[in-house]
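Chemist: give me coordinates for this.
(one chain, ligands or ions: 1)
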Amino acid sequence: MHWKTKLIQSDVRPPEGFKSLVTPIQRASTVVFSKQSDVSSNWRHAQEGYTYGLYGTPTSRELAARIGELEGAYRTIVLPGGQAAISLIYLAFCSAGDHALVPYSAYGPNKELAENLLGRLGIEVEPYDPLIGAGIASLIRDNTKLIWCESPGSVTMEIQDVRGISEAAHDRGVLVALDNTYAAGVLFDAFSHGVDLSMQALTKYVGGHSDLMLATISVANDAVWERIGTVHRLVGMAVSPDECALALRGLQTLAVRMDRLQASTLTVASWLREHPAVETVLHPAFPDCPGHEYWLRDFSGSSSVFSVKFRDAVDPRAVENFVDTLKLFSIGFSWGGVHSLVILYPRLVRPGKDYGGRLVRFNIGLEEPADLIGDLQDAMQKAGIS
Ligand SMILES: *Cc1c(COP(=O)(O)O)cnc(C)c1O
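Modeler: Residues are numbered from 1 along each chain as shown. Coordinates of the predicted model:
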């Protein structure tokens, strides 16, 4: 063979028998078949083997199976990010003329997708009170196909009666999808509470280091799997095996990170709760968090995000100044990594409730809590909040 051919077609094979503790990163667009009659093009890799990089590689399949095992799912699929997973769930279960329900505390881009893109496709997505519980029954119509839960809700942290909602939905043959990102798929057992689909942004706790974007959708049964798989096949949501390998690495330390984050977050949130300028700390483990009773009933722990509402006497400009003055808290979206983060929601309103530009969300990282508290105290003083 010419050396130019050898560059592409080599007889070199590394010796077999290598074993390490690490999942190999197997990259692929093309997947090679042994003979023409083996060629197939389907997404059912969990059952039937590999066909094309888009539908899975051994690396992404291992991650999917590991998350599925933790969540007690029938099967799990990996997606490029949480928002992609949310889009896929809508596209798989809603068609023109259908109706879906989403809590008004849901992740902002979920609601934006619903209002803008899905509305244009003739799918009506109606916001509902996250604390409605079994009362969701009164909102279910003949054309309702999907009910979203997200518990706790984004920013305002309402904990939902997922069991009550699931029972009411199933009485009418409606599917329930849960955004289980806060719980990292481990602090809340989605399937034992009746949901049909549990999605989580691995971007947050499983990744755990603010350096990757990935998500999973786990499903309860074969009918849901079939719908998700056949639509996934059409929308081209490919994942990189490198990202999957990082997520697999993140899983190895998830337990110690979650324990530490829970403890540090409770320490910092408790200090903020005692501060005279603070009206409420919206943390699921605190009794004044809406839906706290469901957290007590259903969750095995809390994680690292919570929000603080400053008293109305505090000038919203002082709140912004406080956020800007913090040194150990970086200003940024997302959460679940090892760095402490802060972000102000200047225009956040919920039906019947205006937070007056005084709602701040925190993510606590792995820094020493006493240093974080010192930074909060210092920044409040400098911003004139007392
Ligand atoms: C971050 C987040 C998402 C979106 O995940 P990405 O991977 O960033 O697209 C979805 N739901 C919740 C609750 C989130 O916090």
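
Chemist: break the protein into its domains for me.
Modeler: Structural domains annotated on the chain: 36-248, 252-383, as defined by automatic domain parsing.

Chemist: so which of those gets nearest the ligand?
Modeler: Closest of the domains of the chain to the ligand is domain 36-248, at 2.1 Å (criterion: CB to the nearest ligand atom). For the C-beta atoms, the positions are set from N, CA and C on the backbone; glycine is no exception.

Chemist: pull up the distance across that closest one, start to finish.
Modeler: Distance between the two ends of domain 36-248: 34 Å, counting by CA to CA, to the nearest Å.

Chemist: does any part of it sit near the ligand?
Modeler: Yes. Domain 36-248 reaches the ligand (CB under 6 Å from any ligand atom) through 81-83, 107, 150, 154, 179, 181, 201, 203-204, 213, 215.

Chemist: give me whichever of the domains of the chain is most buried.
Modeler: domain 36-248 (a mean of 20; mean count of other CB atoms under 10 Å).

Chemist: what residues does the stretch 251-386 of the chain have near the ligand?
Modeler: So the stretch 251-386 of the chain meets the ligand at Ser334 (CB under 6 Å from any ligand atom).

Chemist: do a quick rundown of the helices in the stretch 251-386 of the chain.
Modeler: Counting by DSSP state H, counting those that start in this stretch, the stretch 251-386 of the chain has helices at residues 292-298, 316-325, 369-382.

Chemist: would JSON lines of the ones you listed with mean pLDDT be doable?
Modeler: Converted to JSON lines, the helices of the stretch 251-386 of the chain look like this (pLDDT from 0 to 100):
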{"stretch": "helix 292-298", "mean pLDDT": "98"}
{"stretch": "helix 316-325", "mean pLDDT": "98"}
{"stretch": "helix 369-382", "mean pLDDT": "98"}
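
Chemist: then Tyr50 would be within a helix, right?
Modeler: No. Counting by DSSP: H, G, I helix; E, B strand; the rest coil, Tyr50 is located in no helix; its state is coil.

Chemist: which one is it nearest to, not counting chain neighbours?
Modeler: In space, Tyr50 comes closest to Val31 once its chain neighbours are excluded; the distance is 4.6 Å by CB to CB, 6 or more residues apart in numbering.

Chemist: is the one you found in contact with Gly56, as I believe?
Modeler: No. Counting by CB atoms under 8 Å, Val31 stays clear of Gly56, with 9.3 Å between them.

Chemist: mutual contacts of these two, please.
Modeler: Jointly contacting Val31 and Gly56 under the rule CB atoms under 8 Å, 6 or more residues apart in numbering are Tyr50.

Chemist: circling back to that earlier point, could you export the domains of the chain as a markdown table, including distance to Ile8?
Modeler: Formatted as a markdown table, the domains of the chain follow (distance: least, CB to CB, whole Å):
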| stretch | distance to Ile8 |
| --- | --- |
| domain 36-248 | 19 |
| domain 252-383 | 37 |
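
Chemist: quick one: closest of these to Glu16.
Modeler: Nearest to Glu16 among the domains of the chain is domain 36-248 (16.3 Å), distances taken as CB to CB.

Chemist: could I get the average pLDDT for that closest one?
Modeler: Mean per-residue pLDDT for domain 36-248: 97.

Chemist: same thing with stretch 266-277?
Modeler: 98.

Chemist: that one: how far from the chain's middle?
Modeler: From the chain centre to the centre of stretch 266-277 is a distance of 26 Å (CA atoms, centre = their mean, to the nearest Å).

Chemist: okay, that stretch in CSV with CA atoms only?
Modeler: Extracted as CSV, the C-alpha positions of stretch 266-277 are listed here (Å, rounded to 0.1, in the frame of the first residue of the first chain):
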residue,chain,number,x,y,z
LEU,A,266,-28.0,25.6,54.7
THR,A,267,-25.3,27.4,56.7
VAL,A,268,-25.3,30.4,54.4
ALA,A,269,-29.1,30.5,53.9
SER,A,270,-29.7,30.3,57.6
TRP,A,271,-27.4,33.3,58.2
LEU,A,272,-29.2,35.3,55.5
ARG,A,273,-32.6,34.4,57.1
GLU,A,274,-31.5,36.0,60.3
HIS,A,275,-30.4,39.3,58.6
PRO,A,276,-32.8,42.2,59.4
ALA,A,277,-32.9,43.4,55.8
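
Chemist: show me the contacts for the residue nearest to Leu202 when sequence neighbours are not counted.
Modeler: Once flanking residues are discounted, Leu202 sits nearest to Leu214: 4.2 Å by CB to CB, 6+ apart. Residues near Leu214 by CB under 8 Å, 6+ apart: 63, 78-81, 201-203, 206-207, 239, 243-244, 247.

Chemist: among those, which are in helices?
Modeler: Among these, the ones falling in helices (DSSP state H) are 63, 243-244, 247.

Chemist: re earlier: residue contacts, the residue nearest to Tyr50?
Modeler: 50-53.

Chemist: please repeat the previous calculation with a cut-off of 10 Å.
Modeler: With contact set as CB atoms under 10 Å, 6 or more residues apart in numbering, Val31 has these partners: 39, 45, 49-57.

Chemist: wasn't Glu115 part of a helix?
Modeler: Yes. Applying three-state DSSP, one finds Glu115 inside a helix.
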